[in-house]
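Asks: next comes the sequence, and after it the predicted model I'd like to discuss.
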Number of protein chains: 4
Amino acid sequence: MRAIKDSVHDYIEADGVAAALLDTEPVQRLRHIKQLSTIRLVYPSANHTRFEHSLGVYHLADRALAHLDISGTRADTVRAAALLHDIGHGPYGHQTEGIIQRRLDRHHDDVAHLVSNGEPGAVLAAHGLDPDRVAALVAGHGKLGQLVAGELDVDRMDYLVRDAHHTGVPYGTIDHGRLLRALTFRDGDLVLAEGNVATAESVLVGRALMNATVYRHHVSRIAGAMLDRASARLLDTTDLDAETFARFTDADLLAVLRDCPATQDAARRIRNRDLYKRAVWTERDAVPDDVATADYRTVRDLESQVADAAGVPATAVVIDTPGAPSMPESSVRVTVNGDTRRLDEQSPLVDGMLASQRAQWRFGVYTPDDHVPAVAAAAERTLGLGPIDDPPA
Amino acid sequence: MRAIKDSVHDYIEADGVAAALLDTEPVQRLRHIKQLSTIRLVYPSANHTRFEHSLGVYHLADRALAHLDISGTRADTVRAAALLHDIGHGPYGHQTEGIIQRRLDRHHDDVAHLVSNGEPGAVLAAHGLDPDRVAALVAGHGKLGQLVAGELDVDRMDYLVRDAHHTGVPYGTIDHGRLLRALTFRDGDLVLAEGNVATAESVLVGRALMNATVYRHHVSRIAGAMLDRASARLLDTTDLDAETFARFTDADLLAVLRDCPATQDAARRIRNRDLYKRAVWTERDAVPDDVATADYRTVRDLESQVADAAGVPATAVVIDTPGAPSMPESSVRVTVNGDTRRLDEQSPLVDGMLASQRAQWRFGVYTPDDHVPAVAAAAERTLGLGPIDDPPA
Amino acid sequence: MRAIKDSVHDYIEADGVAAALLDTEPVQRLRHIKQLSTIRLVYPSANHTRFEHSLGVYHLADRALAHLDISGTRADTVRAAALLHDIGHGPYGHQTEGIIQRRLDRHHDDVAHLVSNGEPGAVLAAHGLDPDRVAALVAGHGKLGQLVAGELDVDRMDYLVRDAHHTGVPYGTIDHGRLLRALTFRDGDLVLAEGNVATAESVLVGRALMNATVYRHHVSRIAGAMLDRASARLLDTTDLDAETFARFTDADLLAVLRDCPATQDAARRIRNRDLYKRAVWTERDAVPDDVATADYRTVRDLESQVADAAGVPATAVVIDTPGAPSMPESSVRVTVNGDTRRLDEQSPLVDGMLASQRAQWRFGVYTPDDHVPAVAAAAERTLGLGPIDDPPA
Amino acid sequence: MRAIKDSVHDYIEADGVAAALLDTEPVQRLRHIKQLSTIRLVYPSANHTRFEHSLGVYHLADRALAHLDISGTRADTVRAAALLHDIGHGPYGHQTEGIIQRRLDRHHDDVAHLVSNGEPGAVLAAHGLDPDRVAALVAGHGKLGQLVAGELDVDRMDYLVRDAHHTGVPYGTIDHGRLLRALTFRDGDLVLAEGNVATAESVLVGRALMNATVYRHHVSRIAGAMLDRASARLLDTTDLDAETFARFTDADLLAVLRDCPATQDAARRIRNRDLYKRAVWTERDAVPDDVATADYRTVRDLESQVADAAGVPATAVVIDTPGAPSMPESSVRVTVNGDTRRLDEQSPLVDGMLASQRAQWRFGVYTPDDHVPAVAAAAERTLGLGPIDDPPA
């Protein structure tokens, strides 16, 4: 039995397949992928990694299994999936999701290729576990998949609390002890027991407030968009293959960007927090629908057009148009007066929260400091933006 | 300079009028009034008092004054008001607000009689402060009154965080450091600076979630209603005058209830947490409008009728119908794109939250354990309740 | 299964005999005995009670039992003892230990009379537990008694952490998770496993630093000594019997003191924190041996002599001479290189810590503010104190 | 005014020279140097960097300056020194101190060359500050140097609390609020005001307990020694110059080690936590004096001898003999009865703590897992070790 001290959950105990998986390369690699990627440029103490997050998810899964009275091979499969759920992430986590998806057509929760082979494959085999079952749970399939990757999953319970602990922003501090105790299965669905509407709401609002103040902070969005563009240039101008790219650590990527002439400026800017600034930062109303919902290819074309119009290099304009807000927690099932109801049926708060997320949606155009006036004017014209406010200083 | 260690704000420094007021009897009395009254019967570690809360409010006021660059007599008046804002509370705080209001026609934030005389009056005079100005601030009047008793007041900032710390329920842990830094005056109104819509929302949802899980927990509501009925019997059957009652500490009241034959059973039940149980616990739809919105006198009549119908003593039935949910934070003013807007104009979350509070509204009828079936049946008939669910076990 | 939210240990689960004992009067009474008695006059947020502490001790005992693989009736007996371990305390806990010992010749850990009868007796009988075994564990007897009341007991683990949480003084925050995991039995003794010398030292220094800054703070010592003298006058001048006194709550005692003419001044002073001040406060060297080690009877005589010499009433002088420092943690047994050693054999820190405690020993004489100069002079002469420093302002 | 959210100190406000220095390359580089270097291999959540630590030290310096009533250029110089105090660190902080000292004869607190030139030099000049004065403070010189780098410095106050927060080990959580308030100058020396012997002791014991459980954990010592040996091979077998080496970030060093054939195995082992194991781990008594106190050159020779004797490659043996324990806090000056005394004169705890540190001293020989028996036997013979225990499993 290994007891590992964690700053969030105190001691986390691991043995059997979990202890063995911990020592594998794909899990150790997570020590080198920061949980909050570029957010540490805003919240400097948020340097925690997907390694300790994965330990935390494993720990909460373990406690949930005990509460739900699940043991044996099924439980070990869940434990393995919990510990491995993030090994599919590329460098800088969510910030390279888009480019990996476009180049490899693969999502970070597709880990079948990683758990069937190599060290994890050997460990799973040695413990008599089926890698396909593990991968299915990571992808959220099946009854127990809800616990690993669903609206009430232990992933969310850990990251909200852990991100709050490390950023210092309190909103994510949900009551995971109560959530775990409220979990129950009903007709094959994971639901919250009677008396937990507010518990479910608290997860919803916790994530929404963390979105507004942490996860979607404009400084992190700028750095993330710069990273995406630089990564595209890197793959386009070198013989680096996307599979290798996808297995980089954060530092590997930054080093390769630094050593490539086409991306060295971006690398320096990200390393030293000397980022592009907001030339445009505006609400949904001011953005034509075709721009607001443009696909990646179109966005990149628009960037070139704006750059041309502004008389700046193409690399100096980054357009950032986030997707519509989603709120997976709204389909959490809660028990009310003996019935199972979806949270968005029961709680009027869900609609309010979705509307609030929409109100916080912002469209951004970023450029180096000294290009701001030119790019702002060019973007307004080229993109047909409505009357917009000056971006914040 | 006195530096007082506080478990929430670390060191709190007091000198001048604040240090002198600390030693007065009405402030020391607050050591004997628990901040969360009967809620400690649900959350056993919530034994904090209005004394340390008052210190905390004073401390946050002091920091807000520094941020707002207010000093001199105006600042001292705010500091005094912050420290004195709760001295008008009766025993068990909010749980005796109703009876004190009915007997003395006085609200707890009416402290003019307490600050003009006695030790506080002498201290204020010695420091050249006007007691009427202090009382006005406590009542929320005037520009600076908003800081002491308004939608953005430091009272709320302290109690949410403090109650979270002592109950262990995390939802109240708002970011008061950010709130304080965001405060600014605009056209005489206290508003939040640009970029703080989510900050304002966080106070709103923090309080709403604390309402659902802490402040309106049914066990505390039962104990509070029992305390109200026992206090009424005490004042009706003894020669105790209401003014004396209003200045009791928690323990004073419990002792007097214990020594009065008409209330000794209630005193024992509250002391030993052997409370009435829920005979009825139902949503708004199941309650006729005239019952749901009945005034106190009517409620007490209905209690007698239900008791008669159930064949139990009149003291064995308590009807608890809470008022409509209010959400003062919804009128918080925030700056958005340079304009001042009310939060409920800007954030669709406010409506969602209000609706959610309404969905959580419950009507209760309480009685000793062994009368539950009889009282439930009698209440349903007598009050004309719609089909209702069995109360939770 | 009841899950009770605690601000220190999060959820505490109780069922069986523990849940039943929780509802008994002697355990509920602990809601009305503050854990830190008069210390809240120094640390205003330290209002926690022996009730939640008892829950915490039960919780840690439960975890230790799981770790030590002890179950069945033996485990239930330990759980019961953990929950009941403090029911023998009088009002204001340790502050009335002396007077109860002198009048009733009974220590607070003698609970045989309380667990054999009444509600606890009935609960224990209903669950097939032997009250004498429970009382023996509370007194620290037998192998498992070490866990409840020994050098490595769960009582200490809870109170250090809880007192730190509520005072805000961090020193008591030991790593109880590590301590619990390190517990093991060896030749019938509870010892710490290999690699835990620093763990044992941390408990020792945690308590020593809490002694210096919290438990033996002079303001609390003054209030405690005043309470002792007032209690003696109360029992001497009224027909109140000591058994009734011993079962008071904190508030019961304060009310009776207030209503007795001989003690009403003391009651007012303690309630409103208007305490005696230090006329003398000096190190061990300045105090003659016979004074420093005088028994209670002699101390009281000396008080009268000093009062006479100073020309003040006998009640206006309180002499406070603490016992020699003890350090039970020094006999904790730790495993080093496979051997079991006492901590004071292994760690040179123990001697240093004991010497440090002796260096912090202070002799005090307390009196109302305006008698300070007269009493200081009289005490110096009458008691033959060496040259002493002015007491701190 | 920038307000930066920190997980330890909440908001940290910076403007003027501090805000300008924050954006310089040498300070931004600290985002890429972990505060606890290889300790994160033991405590996985300890990924905080010297960047946020430097912010914290600046913040505490700022508060200390306010308390000590120091302002103007002197204060700005202290603020600058606080923010810059760690820019002299090489990759992996203390783990490369030895090799940088040997190759460049420069200690990490020698920052004159870094603050006189480049971006920091320009910023200091623009704010009218003397870089030599800043460098002197970083080196601990002068009256105010005591605050930046002395026994009572703000560096220590921050790292103890921060390391506790991120490891989850509570021992470092000192009461920095009290320490700051107790600081005062007396005859040019920084001393603690009356009544703070226990405060000073708490820093001493906090660091000693963190030493035992965190800073000197054997896993971190193993990784650190491996890093030192690999760095030496790197500099010896490539044309990398030591100045470049000294300015690497953690990730730079790991990447270069990975790409150099002579060090790639070490790099892989450190990255994936597949470390050497303890072949020898023994107390001081078992180690001949000349071995225990051998200088670096001798240690490296002994490694070769042991490797030869064991029949393993020279790179497979690492000998780790830590220096004698030091305890700079023992010369902290405290005020007792009006006199200034050194803590080790006043507190018998200091000697106990020093002896305890000596008792925890361990000599280690490390080697890959499968060489452990051969290397253990060879080391015992070659080094003339006394009878030693089996190393822990």
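Replies: That came through fine.
Asks: the residue in chain A that chain D sits nearest to: what's it in contact with?
Replies: Residue of chain A nearest chain D, by CB to the nearest CB: residue A:251 (3.2 Å). Every residue, glycine included, has its C-beta placed from N, CA and C. Applying CB atoms under 8 Å, 6 or more residues apart in numbering or on different chains, we find residue A:251 in contact with A:32, D:249, D:250, D:251, D:254, D:255.
Asks: how close does the nearest residue to residue A:170 once chain neighbours are set aside get to chain C?
Replies: If the residues on either side of it in the chain are set aside, residue A:170 comes closest to residue B:173, at 4.1 Å by CB to CB, 6 or more residues apart in numbering or on different chains. Applying CB to the nearest CB, to the nearest Å, the value for residue B:173 to chain C is 12 Å.
Asks: so who does the nearest residue to residue A:50 once chain neighbours are set aside touch?
Replies: Spatially, and ignoring its direct neighbours in sequence, residue A:50 is nearest to residue A:30 (4.1 Å; CB to CB, 6+ apart). If you count contacts by CB under 8 Å, 6+ apart, residue A:30 has them with A:49, A:50, A:51, A:53, A:54, A:86, A:87, A:89.
Asks: so the residue nearest to residue A:170 versus residue B:9, what's the distance?
Replies: Residue B:173 is 13 Å from residue B:9, where distance means CB to CB, to the nearest Å.
Asks: thinking again about what came up before, return the member of the contacts of residue A:30 nearest to chain B.
Replies: Checking those against chain B with CB to the nearest CB, the nearest one is residue A:53 at 18.9 Å.
Asks: ok, the residue nearest to that closest one when sequence neighbours are not counted - how many residues close by?
Replies: Once flanking residues are discounted, residue A:53 sits nearest to residue A:35: 5.1 Å by CB to CB, 6+ apart. Neighbours of residue A:35 under the rule other CB atoms under 10 Å in any protein chain shown: 27.
Asks: and the pLDDT for residue A:35?
Replies: Predicted confidence (pLDDT) for residue A:35: 98.
Asks: ok, now the one 5 residues further on?
Replies: Confidence at residue A:40, expressed as pLDDT, is 96.
Asks: OK, contacts around the residue lying closest to it once chain neighbours are set aside?
Replies: Counting by CB to CB, 6+ apart, residue A:40 lies nearest to residue A:46, which is 4.8 Å off, once chain neighbours are set aside. By CB under 8 Å, 6+ apart, residue A:46 lies in contact with A:34, A:35, A:36, A:39, A:40, A:163, A:166, A:167, D:7.
Asks: closest one to chain B out of those residues, please.
Replies: Distance to chain B across these (CB to the nearest CB) is lowest for residue A:167, with 10.4 Å.
Asks: worst-scoring helix or strand of chain A, pLDDT-wise?
Replies: Least confident helix or strand of chain A, by mean pLDDT, DSSP states H and E, is helix A:349-360 with a mean of 84.
Asks: which strands or helices does the next helix-or-strand element following that one pack on?
Replies: Downstream of helix A:349-360, the next assigned helix or strand under DSSP states H and E is strand A:363-367. When contacts are defined as 3 or more CB pairs under 8 Å, 6 or more residues apart in numbering or on different chains; DSSP states H and E, strand A:363-367 packs onto helix A:218-237, strand A:277-282, strand A:318-320, helix A:372-383.
Asks: need the residues of chain A near chain D, please.
Replies: Neighbours of chain D within chain A, by CB under 8 Å from any CB of the partner chain: A:4-8, A:10, A:23, A:25, A:28-29, A:31-32, A:34, A:40, A:43-49, A:51-52, A:55, A:165-169, A:249-252, A:254-255, A:271-274.
Asks: what about those, which are in strands?
Replies: With strands taken from DSSP state E, the overlap with the residues of chain A next to chain D comprises A:4, A:5, A:6, A:10.
Asks: just the buried ones from these?
Replies: Neighbour-count burial (16 or more other CB atoms under 10 Å in any protein chain shown) is assigned, among those, to A:4, A:5, A:6.
Asks: which residues of the stretch 201-350 of chain A fall in helices?
Replies: Here the stretch 201-350 of chain A has its helices, by DSSP state H, counting those that start in this stretch, at A:218-237, A:242-246, A:250-259, A:264-271, A:289-292, A:296-310, A:343-346, A:349-360.
Asks: is it possible to mark the buried ones in the contacts of residue A:46?
Replies: The neighbour-count test (16+ other CB under 10 Å) marks A:34, A:35, A:36, A:39, A:40, A:163, A:166, A:167, D:7 as buried among those.
Asks: got a list of what the fifth one touches?
Replies: Residue A:40 makes contacts with A:34, A:46, A:47, D:31, as judged by CB under 8 Å, 6+ apart.
Asks: closest to chain B out of those residues?
Replies: Looking across the contacts of residue A:40 and measuring by CB to the nearest CB, the closest to chain B is residue A:46, at 15.0 Å.
Asks: how near is that closest one to residue A:143?
Replies: In terms of CB to CB, residue A:46 sits 34 Å off from residue A:143.
Asks: repeat that for residue A:313.
Replies: Here the criterion is CB to CB. By it, residue A:313 lies 53 Å from residue A:143.
Asks: what comes up buried for stretch A:67-86?
Replies: Across stretch A:67-86, burial judged by 16+ other CB under 10 Å covers A:68, A:75-86.
Asks: could you dump these to JSON lines with distance to residue C:387 and secondary structure?
Replies: Below are the buried residues of stretch A:67-86 laid out as JSON lines (distance: CB to CB, whole Å; DSSP: H, G, I helix; E, B strand; the rest coil):
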{"residue": "A:68", "distance to residue C:387": "72", "secondary structure": "helix"}
{"residue": "A:75", "distance to residue C:387": "73", "secondary structure": "helix"}
{"residue": "A:76", "distance to residue C:387": "74", "secondary structure": "helix"}
{"residue": "A:77", "distance to residue C:387": "77", "secondary structure": "helix"}
{"residue": "A:78", "distance to residue C:387": "73", "secondary structure": "helix"}
{"residue": "A:79", "distance to residue C:387": "70", "secondary structure": "helix"}
{"residue": "A:80", "distance to residue C:387": "73", "secondary structure": "helix"}
{"residue": "A:81", "distance to residue C:387": "74", "secondary structure": "helix"}
{"residue": "A:82", "distance to residue C:387": "69", "secondary structure": "helix"}
{"residue": "A:83", "distance to residue C:387": "68", "secondary structure": "helix"}
{"residue": "A:84", "distance to residue C:387": "73", "secondary structure": "helix"}
{"residue": "A:85", "distance to residue C:387": "72", "secondary structure": "coil"}
{"residue": "A:86", "distance to residue C:387": "70", "secondary structure": "coil"}
